[in-house]
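> Sequence first, predicted model second:
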Amino acid sequence: MSGIGGVCIPEEGNEVKISNDVPPNETSNIADGLYISSSNVDDRAAIAQDVKAISNALKSGNARLAKDIYEGGLNSNIYDAVGINTGEKRSLAGFSKEAQAKMNQESTFNIFRYALQDSYGNYMDEPAGKYADTFVNFAFSNTKPKALAADAMVALNLWMYISHVLYDTVTKCEASTNSSPMGVFSSSGALAQAIDEAAAFGSVTGVFSSSGALAQAIDEAAAFWIGDSQQTGNSRTGHLLYALTEKIGESFGQDTNGQVLVNTNILKLLNNAKSTVTFVNACGPRSNTHLVLRVIVDKIIIQMTIPLIQNLLYNLKVYDAGRVKLYALSVVPLIAGCNPSSYSYLKAILIDGEYHARDFSDVVKALQSSYSCLGLSCSEIGTYNGIACDDRNTAFVSMGGYLPTHNVMEHAKIDIDILQIQIFMKMRAYGAAKECYMYGRNSYKGDERRSLRDFSTSIYRQVIPQYKTYTQYYDDLDYAHTLILQAFEEEPPFSYISSDQKHEIVIKTLQHMVMGMYALRGLYDANNLCSMEDDSSNTKAEISWDEGAAFLIGSLAREGNKLGDGVLLYSFANEMCPFFDTCTKWRSGVSRVSKELVTLLYAGQAELESRNCQALVKTTNEINSLLYVPLFQGALYYSSMNQDLAAGSPEGTRAAAFIFSRAILPVINVADRTSASAIDVNLDFDSNYKPIPDGLEAVFGAFETAVQNMDGVDCTDIGSFGTMNACQGGTGSESKGKRSGARFIGLSHCMLFVTLILFHLVW
């Protein structure tokens, strides 16, 4: 029997059989009253003793012993459903090694996987899903600093596992809401299933009760955050994330009342979460408990991120290369889900490359630029050793060149939901993608959140002139929502779609059928409010106008970000402009459509200020017509990529062409039914038939005729495609406001397809 740090380690062959059991309904007094649980979670809190033993082993130079404890566990016993000790141990390594199986449909975990994986799905030659374990093992192999491995298993393994426990609680609450007739777990149904599942993973001590099944999971998260032997506000007595937060928070001036603010907030939120799930009929039929709980859990995760950012800033400043790498790994992946350009820059320097002191200012600037999209502010992070931070004016940053008169940045953040759904779809985390669509994640309105589902089913779209045209054509008030659900559930016509096609259907529908229509709702609301005489209505009109702009441009296309970050219609027009020769100048990356859109938005802003309502109507209608242009371009672009595909082809481009056609078919049908029929047949999504069965020329001809018969659509904005000239040589000044035809001739297939393929590989 060997010992380290006051802990006895059984030698091989001399294991001690532990027989002590735990009273199932006994509460835990974690860290002398720091948190009072309603269930027994002492076994979870004991994981802190593993961290202590590992730290002591590393300090004494016994890396083998430290790794044995990390891999096999030592102090955190696993109990069965009735509180009987199984003889197995919970291990810090297991938190990471089992992550892929347990967390494969969870949002935060999948953002990390996406951000860290290479083209083979690996991080440091191991599956990206076990990135935390991979880094800990890397740290074990490095002697400086000795404690790096122990720090890593707390900041990476344990941090992500706590997020899993919390998100799993939300999932179980929603499942109970949808399945339990009594609104609570019953001993014969949902409760028994939950007990079996939890016992299989060693995550439950004692018996669930109808009122405490989910509260126990919250207790578990608190135990893993705090650990045993922790004293309130003491950074030197504990070993888990609470102690880490106290230590770094003190350096950042966050300790004002004997405990740093982050820990105060997290404990308060944990208690709020527990109260939420223990109300009578919480998580019951027609209950919104899971929605409230989801917001609380996301707020906890945001608070949990603060000490990681603080540690990254601190170690950047003191130039501790090992811990810079560690805390970059804990923070930078989160930025991939909300600020792609800053993520790419930070990953290249801090994770893939080697950080140098000369990079300090630029790295800090890139990190701080992401606070807002992470749901944080400079004041919440605090300051250390002169690291300046000022985010007081971020609410009025230009969006794609348009500066709103009112703060609509929270509205604009709905595009982050689309970005994250895009990530989840790529990772095949369809559960996380659907959750984000249904309930929202990033765009807040008070304590509630906007959701893309709300946008796609809103009754307020009736204010838009063409909304009735769309609902009549599809015989469905929520036509876009229907498409999205059919794709998620793989129902006809998407019963046999590939993962790429599923991705394209969901994302393109959100971008071009949901967001464009809902943005117009804001603009037309502004028109209706403009004619009212009172100042209050005019202010509301200005806000509605800015909201419409936010939904067309988004937060990712704001000033300071790369043009390629955006995911809404403004940014798609910029993506198309090199292929249609419609960029404002060579390689500028900004399309004429986007430039004209911003010009018209400013015109509407001025017309509202002067209450020139008649002019505002004209401006709004011009924007409405302008928004068709990138939809035409998208349909033509993807049609050209599909003409040589076979029946049943799995390429995502086929699904993309289908969605772009559906985004404009209702209005084309009004202009020319014959053209609409031809487009419908050739761009339909039917795996039994070859795409573009009538040939590309027939499709081009149908679009040509359609544009010729549509009022307000300027063919010069659509532009030229390869050797095609959309206006037969016409210019913008000659054709503006006319019914301009689009004749497509002499397509150079070889050059065009090389260009298309190169572009399609970018994302």
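Thanks, I have the structure now. Because the structure is predicted, anything quoted here is derived from the model rather than measured.
> what residues are up against the nearest residue to Tyr345 once chain neighbours are set aside?
Closest residue to Tyr345 apart from its sequence neighbours, by CB to CB, 6 or more residues apart in numbering: Ala366 at 5.2 Å. All C-beta atoms are positioned from the backbone trio N, CA, C, and that covers glycine. By CB atoms under 8 Å, 6 or more residues apart in numbering, Ala366 lies in contact with Ser342, Tyr345, Leu346.
> And Arg592, by the same measure?
By CB under 8 Å, 6+ apart, the contact list for Arg592 reads Cys577, Thr582, Cys583, Thr584, Asp717, Gly719.
> at 6 Å what do you get?
With contact taken as CB atoms under 6 Å, 6 or more residues apart in numbering, Arg592 is in contact with Thr582, Thr584.
> Any regions of the stretch 301-450 of the chain where pLDDT drops low?
Scanning the stretch 301-450 of the chain for pLDDT under 70 picks out the ranges 392-395.
> Tell me which helix or strand comes right after the longest helix along the chain.
Of all the segments of type helix in the chain, defined by DSSP state H, the longest one is helix 289-318. Downstream of helix 289-318, the first helix or strand assigned by DSSP states H and E is helix 321-336.
> So which bits of that following helix are buried?
322-336 (16 or more other CB atoms under 10 Å).
> I'd assumed Asn339 was in contact with Cys373.
Yes. Counting by CB atoms under 6 Å, Asn339 is a contact partner of Cys373 at 5.1 Å.
> what about the stretch 151-300 of the chain, any weak spots by pLDDT?
The low-confidence ranges in the stretch 151-300 of the chain, as defined by pLDDT under 70, are 179-211.
> Show me where it has its strands.
Listed in chain order, the strands found in the stretch 151-300 of the chain under DSSP state E, counting those that start in this stretch amount to none.
> Check the chain too.
Secondary structure of the chain, counting by DSSP state E: strands at 2-4, 7-9, 29-30, 35-36, 77-79, 85-89, 122-123, 126-127, 444-445, 448-449.
> Quick check: which of those strands is nearest to Ala152?
For Ala152, the closest of those is strand 122-123, at 13.5 Å, according to CB to CB.
> where along the stretch 51-200 of the chain do the helices fall?
Here the stretch 51-200 of the chain has its helices, by DSSP state H, counting those that start in this stretch, at 63-72, 92-97, 99-103, 107-116, 131-140, 148-152, 159-179, 190-200.
> hang on, the earlier thing: dump the contacts of Ala366 into JSON lines; add distance to Ser28 as well.
JSON lines is the format used below for the contacts of Ala366 (distance: CB to CB, whole Å):
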{"residue": "Ser342", "distance to Ser28": "41"}
{"residue": "Tyr345", "distance to Ser28": "44"}
{"residue": "Leu346", "distance to Ser28": "39"}
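> Considering these, which possesses the most neighbours?
Tallying neighbours with other CB atoms under 10 Å puts Leu346 at the head of those, with 27 neighbours.
> Enumerate every residue touching Leu34.
Residues counted as contacts of Leu34 (CB under 6 Å, 6+ apart) are Ile226, Thr232.
> how near is it to His239?
According to CB to CB, to the nearest Å, Leu34 and His239 sit 14 Å apart.
> and if you look at Phe138?
Applying CB to CB to Phe138 and His239 gives a distance of 21 Å.
> okay, those two: which has more neighbours?
Of the pair Phe138 and His239, His239 is the one with more neighbours under other CB under 10 Å, namely 22 against 17.
> tell me the centre residue of this protein?
Here the mean C-alpha position of the chain is nearest to the C-alpha of Gln420 (CA atoms, centre = their mean), at a distance of 2.9 Å.
> how close does that one sit to Ser661?
Note on Gln420: its distance to Ser661, by CB to CB, is 27 Å.
> can you check Lys540 too?
With CB to CB as the criterion, Lys540 and Ser661 are 36 Å apart.
> Cys373 and Asn339: which has the busier surroundings?
Asn339 (29 against 21).
> what residues are up against Asn574?
Residues near Asn574 by CB under 6 Å, 6+ apart: Leu563, Gly589, Val590, Ser591, Ser594.
> mind redoing it with 10 Å?
Going by CB atoms under 10 Å, 6 or more residues apart in numbering, Asn574 touches 400, 557, 563-564, 566, 582-584, 588-591, 593-595, 630.
> And those residues, which of them are buried?
400, 557, 563-564, 566, 582-583, 589-591, 593-595, 630.
> My guess is Gln100 contacts Pro127. True?
Yes. Checked against CB atoms under 10 Å, the pair Gln100 and Pro127 is within contact range at 6.7 Å.
> Between the two, which is the more surrounded one?
Taking other CB under 10 Å, Gln100 and Pro127 do not tie; Pro127 has more neighbours (17 against 14).
> For Gln100 and Pro127, list the residues in contact with both.
Residues touching both Gln100 and Pro127 comprise Arg113, with contact defined as CB under 10 Å, 6+ apart.
> Might you list the low-confidence residue ranges for the stretch 651-763 of the chain?
For the stretch 651-763 of the chain, the stretches with pLDDT under 70 are 723-763.
> out of the contacts of Ala366, which one sits closest to Trp225?
Of all the contacts of Ala366, Leu346 has the smallest distance to Trp225: 26.1 Å, by CB to CB.
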